[in-house]
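Student: Quick one, what's the 3D model for this:
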Amino acid sequence: MTLFTDLNLSQPLLDALAAEGYAAPTPIQTQAIPHVLAGKDLLGIAQTGTGKTAAFALPMLQRLAANPANRKPMTCRALILSPTRELATQISESFRSYGRNLKLSVLTVFGGVGHVPQAKALRAGVDILVATPGRLLDHMREDNIRFDHVEIFVLDEADQMLDMGFIHDIRKVVARLPRKRQSLFFSATMPGEIGKLAGDLLHEPERVQVTPVATTVELIRQRVEFMYPAEKNAALAEALRSPEMTRSLVFTRTKHGADKVVRFLEREGIAAAAIHGNKSQNQRERALSMFKSGDIRVLVATDIAARGIDIDAVSHVVNYHLPNIPESYVHRIGRTARAGASGVAISFCDNEERAYLRDIEKLIRRPIDAEDRRGKIVANSADIAAPESTDLTRGELRRQQGPRPQHKAGGRPGNKPANKPGQRPQHAKGGKPGGHHGHGKPAQGHGKPHAGRPGGGKPHRGQGGGGNGNGGGNRPMMPTEPYRPRGDGDLGSMPMMRPVRLPE
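Tutor: So this is what the prediction gives:
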């Protein structure tokens, strides 16, 4: 068995690894570390949880420490780009942990926190800079950092950078880097555009691939459960009450969906927290800290945090919503079964998500077994029909949608607001209604109605005629316009009618 002592690492690094309890490298570390120590460019393809961070952090620390240089203002010697704040924070913590016996400075730069302290630290100069693309570009525009002294450049989780739309930002950063540098490129999958980007960045790279592209971790037991959308909350609460689910990550497709799930779980007495892009950095760090410490057993997240959560002993991953990008499924379930442990991935699937399930099974090149909530495998997912998500009763739809929003005075959305004091009333086309609804009296303050016509008949300009109803110009009523619901439009086909006027 290969040990870290066999990889020609320096003694300060070996001491730090021993203090962390690491003795044997992972396959990606065994293959990558010698190439990086030799100064070669590297293309690494490996799933999350395989030890990619140490694969580039350890040899980078050794190379930088072996060639000390005077720290210059507004420069860095190594630049690591990360897609999310959480991943950037964890990469920085790894550099600080492994380099505890070395005199190298590490700085983390990302959005959601104060800009001025970061600018001050950048102007002083730093050895290792870990950043997200957006905030780094802000500092570049302000001339807080320049890259003419960068010796090593690392692009981590490149495929997620592509998914999040960071490719153009990355190219802007790369354009500022010196041509003579060492470049390291890591990705869990290799789509065509990522392959093209790697070809532009790397020069005669060594390729390291420890698992086939898009192959899910074999130690993860995967299953899918078919249900109505309205049943997902109850199914989630039932599953989380199982003593086997000691630490669970729940993934939703939207930020709003994550918050709704957390509110439901709290009503059910299950402690949970949400982490997504709308949360402040302090809220995200507090939620992660509570999840790591065991204060809460459930963390609800969106895909933006899927690769930024490196927490041991996650027993279960639950896909409350199946991802519409199949690669995201691989990254989600990679949060469990880390460091050789086993794990379980459960996916809730309604009829509208069946297409997403087919794409996922095509990507991972295997069918996912379908199980009922008692744990008995009933069929292969390709042979079982998911329920029609649209065939819900009115009560099920309302339970799924939650309580209706309360509106201010003035009516439902879409109605014309009430007139302000002193403001002339707003009328629809076809004349100004006169008297009160259902009566033939003229409106107060207007001219006299025509004689012989109930309600005054056709009004003069500036005068009010009769109201509709018994004396409103004999306008017939026809209850054919569908009821328009409050808030959501999903109930627009409900058989609730209201009377409308026919045009004259």
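
Student: and the closest residue to residue 26 other than its chain neighbours, what does it touch?
Tutor: Spatial nearest neighbour of residue 26, chain neighbours left out: residue 51 (3.7 Å); criterion: CB to CB, 6 or more residues apart in numbering. The way it works is simple: take the backbone N, C-alpha and C, and place the C-beta from them, glycine included. By CB atoms under 8 Å, 6 or more residues apart in numbering, the contact set of residue 51 is 25-26, 28-29.

Student: Which pair in the residues you listed has the greatest spatial separation?
Tutor: Largest separation among the contacts of residue 51 by CB to CB: 25 and 28, giving 8.3 Å.

Student: need the contact list for residue 36.
Tutor: 42, 55-56, 59-60, 63, 182, 184.

Student: Now do the closest residue to residue 118 other than its chain neighbours: how many residues are near it, please.
Tutor: Excluding the flanking residues, the one nearest residue 118 by CB to CB, 6+ apart is residue 109, at 5.2 Å. By other CB atoms under 10 Å, the residues close to residue 109 number 25.

Student: if I look at residue 243, how far off is residue 113?
Tutor: In this view, residue 243 and residue 113 are 38 Å apart by CB to CB, to the nearest Å.

Student: Compare neighbour counts for those two and give me the winner.
Tutor: Per other CB under 10 Å, whichever of residue 243 and residue 113 has more neighbours is residue 113, with 15 against 5.

Student: Give the helix, strand or coil label for the more buried one.
Tutor: For residue 113, the assignment made with DSSP: H, G, I helix; E, B strand; the rest coil gives coil.

Student: Count the residues that sit near the closest residue to it other than its chain neighbours.
Tutor: Take residue 113 and drop its neighbours on the chain: the residue closest to it by CB to CB, 6+ apart is residue 281, 4.9 Å away. Neighbour count of residue 281, defined by other CB under 10 Å: 15.

Student: how near is residue 109 to residue 36?
Tutor: Residue 109 is 23 Å from residue 36, where distance means CB to CB.

Student: before we move on, back to that, what I need now is the contacts of residue 36 written out in CSV, including pLDDT for each item.
Tutor: Below are the contacts of residue 36 laid out as CSV (pLDDT from 0 to 100):
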residue, pLDDT
42, 95
55, 94
56, 96
59, 97
60, 97
63, 96
182, 96
184, 95
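
Student: which one among the residues you listed gets closest to residue 202?
Tutor: residue 42 (7.8 Å).

Student: So what sits opposite the closest one in the bridge?
Tutor: Beta-bridge partners for residue 42, by DSSP bridges, are residue 184, residue 206.

Student: if I read this right, it contacts residue 204, doesn't it?
Tutor: No - taking contacts as CB atoms under 8 Å, residue 42 lies outside contact range of residue 204: 10.7 Å.

Student: Between these two, tell me which one has more neighbours.
Tutor: Neighbour totals were compared for residue 42 and residue 204, and residue 42 leads with 24 against 6 (other CB under 10 Å).

Student: For the more buried one, give me its contacts.
Tutor: 32, 35-36, 56, 183-185, 202, 205-208.

Student: 7 Å - rerun?
Tutor: 32, 35-36, 184-185, 205-206, 208 (CB atoms under 7 Å, 6 or more residues apart in numbering).

Student: Turn these into a markdown table, including distance to residue 18.
Tutor: As requested, those are exported to a markdown table (distance: CB to CB, whole Å):
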| residue | distance to residue 18 |
| --- | --- |
| 32 | 21 |
| 35 | 24 |
| 36 | 21 |
| 184 | 25 |
| 185 | 30 |
| 205 | 31 |
| 206 | 28 |
| 208 | 25 |
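
Student: What about those, which one has the most neighbours?
Tutor: Going by other CB under 10 Å, residue 32 tops these with 29 neighbours.

Student: element containing that residue, please.
Tutor: helix 27-37 (DSSP states H and E).

Student: Could you list the low-confidence segments of the protein?
Tutor: Within the chain, the segments meeting pLDDT under 70 span 1, 48-49, 211-218, 304-310, 338-341, 372-504.

Student: domains for it, by residue range?
Tutor: Split into domains by automatic domain parsing, the chain comes to 4-209, 220-401, 438-504.

Student: Report the separation between the residue nearest to residue 198 when sequence neighbours are not counted and residue 153.
Tutor: Excluding the flanking residues, the one nearest residue 198 by CB to CB, 6+ apart is residue 185, at 5.0 Å. Relative to residue 153, residue 185 is positioned 9 Å away (CB to CB).

Student: Need the overlap of contacts for the two.
Tutor: With CB under 7 Å, 6+ apart, residue 185 and residue 153 have no common neighbours.

Student: Assign residue 330 to helix, strand or coil.
Tutor: Each residue gets one of three states, and residue 330 gets helix by three-state DSSP.

Student: how about residue 37, what does it touch?
Tutor: Residue 37 sits in contact with 8, 59, 62-63, where contact means CB under 7 Å, 6+ apart.

Student: 10 Å - rerun?
Tutor: Residue 37 makes contacts with 7-9, 58-60, 62-63, 66, as judged by CB atoms under 10 Å, 6 or more residues apart in numbering.

Student: now residue 104
Tutor: For residue 104, the contacting residues are 60-61, 64-65, 68, 71, 77-78, 95-96, 126-128, by CB under 10 Å, 6+ apart.

Student: Go again with 8 Å.
Tutor: So residue 104 contacts 61, 64-65, 95, 127-128 (CB under 8 Å, 6+ apart).

Student: Likewise for residue 8?
Tutor: Residue 8 sits next to 34, 37 when contact means CB under 8 Å, 6+ apart.

Student: Going forward, count from 838.
Tutor: New numbering, starting at 838: the last item is residue 845.

Student: Return the distance of it relative to residue 1039.
Tutor: As judged by CB to CB, residue 845 and residue 1039 stand 23 Å apart.

Student: ok, now residue 928?
Tutor: Using CB to CB, residue 928 is found at 20 Å from residue 1039.

Student: Same check on residue 1045?
Tutor: For residue 1045 relative to residue 1039 (CB to CB), the value is 12 Å.

Student: what do these two both touch?
Tutor: Both residue 1045 and residue 1039 are contacted by 879-880, under the criterion CB under 8 Å, 6+ apart.

Student: Pull out the buried residues from stretch 1084-1100.
Tutor: Neighbour counts using 16 or more other CB atoms under 10 Å place 1084-1090, 1092, 1094-1099 of stretch 1084-1100 among the buried residues.

Student: now swap in stretch 1005-1021 and tell me
Tutor: 1006-1007, 1010-1011, 1018-1021.

Student: Show me which pair in those is furthest apart.
Tutor: Using CB to CB, the buried residues of stretch 1005-1021 span at most 21.4 Å, a distance reached by 1006 and 1019.

Student: need the contacts of residue 873 in JSON lines with distance to residue 982, can you?
Tutor: Conversion of the contacts of residue 873 to JSON lines gives the following (distance: CB to CB, whole Å):
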{"residue": "879", "distance to residue 982": "24"}
{"residue": "892", "distance to residue 982": "26"}
{"residue": "893", "distance to residue 982": "21"}
{"residue": "896", "distance to residue 982": "24"}
{"residue": "897", "distance to residue 982": "19"}
{"residue": "900", "distance to residue 982": "21"}
{"residue": "1019", "distance to residue 982": "19"}
{"residue": "1021", "distance to residue 982": "20"}
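
Student: Which members of those residues are positioned in strands?
Tutor: Cross-referencing those against strands under DSSP state E gives 879, 1019, 1021.

Student: Tell me the one of the contacts of residue 879 nearest residue 974?
Tutor: residue 1022 (19.8 Å).

Student: which residues touch the closest one?
Tutor: For residue 1022, the contacting residues are 878-881, 991-992, 995, 1035, 1038-1039, 1042, by CB under 8 Å, 6+ apart.

Student: wait, isn't residue 1010 in contact with residue 975?
Tutor: No - in this structure, residue 1010 is not within contact of residue 975 by CB under 8 Å, at 11.9 Å.
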